[in-house]
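>>> Using only what follows, build the 3D model:
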Amino acid sequence: MGKKNKNGSVLLLSLLILSTLLSSVLYVNTISTRQIIRSISTDNAIVAFYGADSGNDQAIYYIRKTEIDINDLANEFEFEDSDILLSREITDEIYGVSIGLNKDQFFQIDMFDREDLGYNSKISYLELDWQDNCAGNSYIELTVNERDSNFNINWGTGVNQSHIKKSLLNEPPYNMVNGNEINSIGGSSLIAGRSYQFRIRSLYCDLYNVNLKAYSFDGKLIPFKNIYNIKTLAEHPRESNKSNKQALSVNLKKYHPLSGLFDYVIFSEKSIVKDIGAYTGGWFSEDLYISDSSILRIALDTNYNHTLTPVNGVPEYTWSHSGTLPMGIEFNNGNLSGIAVSAGNYPNIFKVKDSKGQEVSKSILLVVQ
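Numbering: from 1, shown residues only. Next up, the predicted model:
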């Protein structure tokens, strides 16, 4: 009897061991299967991602290199010898722009139709928000080009260049919620029936999540013109229960660089010359110009005196400025003087007007150290 009980215990123990081993094998097999499935899904996602990226690249190439209707690019297609199915959507009316800007980088927004210069912008104000990598000490230089909506555009020179206006912004967000939406630039309100170009420039540090929206005079969201939004959805492998889908979106300027007033590799609102002697020699006698450097350095706790220099204007000059001067420094009729008592960077826009009515402004950073 005792021998039978011993054999029964051995058998039960063997069954328990076999059951444990089988459970372990099944568990390991389940984990391995899941890892394989996850690996296959990851591989499919990577292929789909690069498929979507290639679809956007192809659209950009056709738009830049060929005369093509964007509607011909918005369809389903596949690349040769691939198992990727792609579908693409393209629009040339963008109701919001989101970008990043490196330090001193520019971005231009056209609020008119280049194919119909009689089209006015219908814009009442901008909403603008951003984040920075310099602890909230960032500034945006906002420049506006304003013109009448007509087919005979004359940019003018000298006094007639008053359509160029500037403002400094440093307290985002600018929107309807807090009541400080951007409905004026350089002290002038946006005017119904006119066409506008805007250029934003990041001063002093990099910006990210720069978001812009435009609104009409009745408070409705209106589109930015002359920007393509291209969105490509890629599926790999196509029409399979194991497929993975990835979508990528990209914004593209509708027109080549150099076609707009602000689209320059080196940006200048005046003629580009190598030295100030060209101006003092009278080559560009109709253009008023502030010849000082865009950065003026001021020694801390030291007497400072510097007079800004207007070139090619006709005295007498009238000066003004916007921005914050260093504590202890005063600005009086073109002259900066005093003893700075606080170190830091102080961005300002200085404006001068001569006796003929010519007016020009310049962004100057006052660095106290």
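
>>> Which residues are in contact with the closest residue to Thr302 other than its chain neighbours?
Excluding the flanking residues, the one nearest Thr302 by Cβ to Cβ, 6 or more residues apart in numbering is Ile339, at 6.6 Å. Glycine gets a C-beta too; all of them are placed from N, C-alpha and C. Contacts for Ile339 (Cβ atoms under 8 Å, 6 or more residues apart in numbering) come out as 301-304, 328-329.

>>> Does Pro172 belong to a helix, a strand or coil?
Three-state call for Pro172 (DSSP: H, G, I helix; E, B strand; the rest coil): coil.

>>> what separates it from Leu126, distance-wise?
Going from Pro172 to Leu126 by Cβ to Cβ, to the nearest Å gives 12 Å.

>>> ok, Asn102 touching Asp206?
Yes. Taking contacts as Cβ atoms under 8 Å, Asn102 lies within contact range of Asp206: 5.2 Å.

>>> what about the two, which has more around it?
Asp206 (16 against 10; other Cβ atoms under 10 Å).

>>> correct me, but that one touches Trp130?
No. Taking contacts as Cβ under 8 Å, Asp206 lies outside contact range of Trp130: 10.2 Å.

>>> what do the two both touch?
Leu101.

>>> Contacts only, for Leu101.
Contacts here follow Cβ under 8 Å, 6+ apart; on that basis Leu101 touches 107, 130, 200-202, 206-208, 210.

>>> re earlier: CSV for the contacts of Ile339, including secondary structure and neighbour count?
Output for the contacts of Ile339, formatted as CSV (DSSP: H, G, I helix; E, B strand; the rest coil; neighbours: other Cβ atoms under 10 Å):
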residue, secondary structure, neighbour count
Asp301, coil, 11
Thr302, coil, 9
Asn303, strand, 9
Tyr304, strand, 19
Gly328, coil, 16
Ile329, strand, 19
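
>>> Please identify which of the residues you listed is nearest to Tyr119.
Nearest to Tyr119 out of those is Ile329 (Cβ to Cβ; 45.7 Å).

>>> what's the burial count for the nearest residue to Asn175 once chain neighbours are set aside?
Nearest-residue entry for Asn175: Glu127, 4.3 Å, with adjacent residues in sequence omitted and distances by Cβ to Cβ, 6+ apart. Neighbour count of Glu127, defined by other Cβ under 10 Å: 19.

>>> Kindly provide the distance from Glu127 to Val360.
Counting by Cβ to Cβ, the gap from Glu127 to Val360 is 29 Å.

>>> Ok, Leu366 next?
19 Å.

>>> What of Val47?
55 Å.

>>> So between these two, which is more surrounded?
The residue with more neighbours, out of Val47 and Val360, is Val360; 23 against 19, by other Cβ under 10 Å.

>>> so what's the residue sitting nearest the centre point of the chain closest to, chain neighbours aside?
Among the residues of the chain, Ile99 comes closest to the average C-alpha position under Cα atoms, centre = their mean, at 3.6 Å. Of all residues not flanking Ile99 in the chain, Val210 sits nearest, at 5.0 Å (Cβ to Cβ, 6+ apart).

>>> close enough to count as contact, the one you found and Gly100?
Yes. Using Cβ under 8 Å, Val210 is in contact with Gly100, at 6.4 Å.

>>> more neighbours, these two?
Between Val210 and Gly100, counted using other Cβ under 10 Å, Val210 has the larger neighbour count: 20 against 14.

>>> pLDDT below threshold where in the stretch 251-369 of the chain?
Residue ranges of the stretch 251-369 of the chain with pLDDT under 70: 255-286.

>>> Helices of that one, residue ranges please.
Counting by DSSP state H, counting those that start in this stretch, the segments of the stretch 251-369 of the chain that form helices are 277-280.

>>> What about Asn133, how many residues nearby?
Neighbourhood size, Asn133 [other Cβ under 10 Å]: 10.

>>> isn't it right up against Asn209?
No. If you go by Cβ under 8 Å, Asn133 and Asn209 don't touch, sitting 11.2 Å apart.

>>> list residues touching both of those two?
Counting by Cβ under 8 Å, 6+ apart, nothing touches both Asn133 and Asn209.

>>> Return the residues in contact with the residue lying closest to Tyr346 once chain neighbours are set aside.
Nearest non-adjacent residue to Tyr346, counting by Cβ to Cβ, 6+ apart: Leu366, 4.2 Å away. Contact partners of Leu366, counting by Cβ under 8 Å, 6+ apart, are 296, 298, 325-326, 329, 336, 345-348.
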